[in-house]
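Asks: What follows is a predicted protein model with its sequence.
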Amino acid sequence: MPIIRVEMWEGRNIETKKEFVKKITDVTCETLGCSKDAVTIVIYDVAKHNWAQNGKLAEEK
């Protein structure tokens, strides 16, 4: 049973997330040969002020 954790910046709308999880589920089943009901996806929306790269908060870019 694949469990896929996705961490990304907050702000994407529900329709975008629906499309994303459908495509990730499809490609996972295609690649691993599992059924769709075996795939779990957890999305973590992270505020840009809680995410840093190269010594700077993402909101500063």
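Replies: In hand now; what should we look at? Numbering: from 1, shown residues only.
Asks: In this structure, mark out all the helices, start to finish.
Replies: For the chain, the helices defined by DSSP state H cover 14-32.
Asks: what stretches of it score poorly on pLDDT?
Replies: For the chain, applying pLDDT under 70 flags no range at all.
Asks: what does stretch 7-25 rub up against?
Replies: Residues outside stretch 7-25 that contact it (CB atoms under 8 Å, 6 or more residues apart in numbering) are 4, 6, 36, 39, 41, 43-48, 51, 58. Every C-beta, even on glycine, is put in place using the N, C-alpha and C of the backbone.
Asks: Write a PyMOL command that selects only the buried members of the residues you listed.
Replies: To isolate the buried ones among these in PyMOL, judged by 16 or more other CB atoms under 10 Å, type:
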select buried, resi 39+41
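Asks: Out of the contacts of stretch 7-25, which sit inside strands?
Replies: 4, 6, 41, 43-46 (DSSP state E).
Asks: Save these as JSON lines, and put in distance to K18 too.
Replies: What follows is these, written out as JSON lines (distance: CB to CB, whole Å):
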{"residue": "I4", "distance to K18": "15"}
{"residue": "V6", "distance to K18": "13"}
{"residue": "I41", "distance to K18": "11"}
{"residue": "I43", "distance to K18": "11"}
{"residue": "Y44", "distance to K18": "17"}
{"residue": "D45", "distance to K18": "14"}
{"residue": "V46", "distance to K18": "19"}
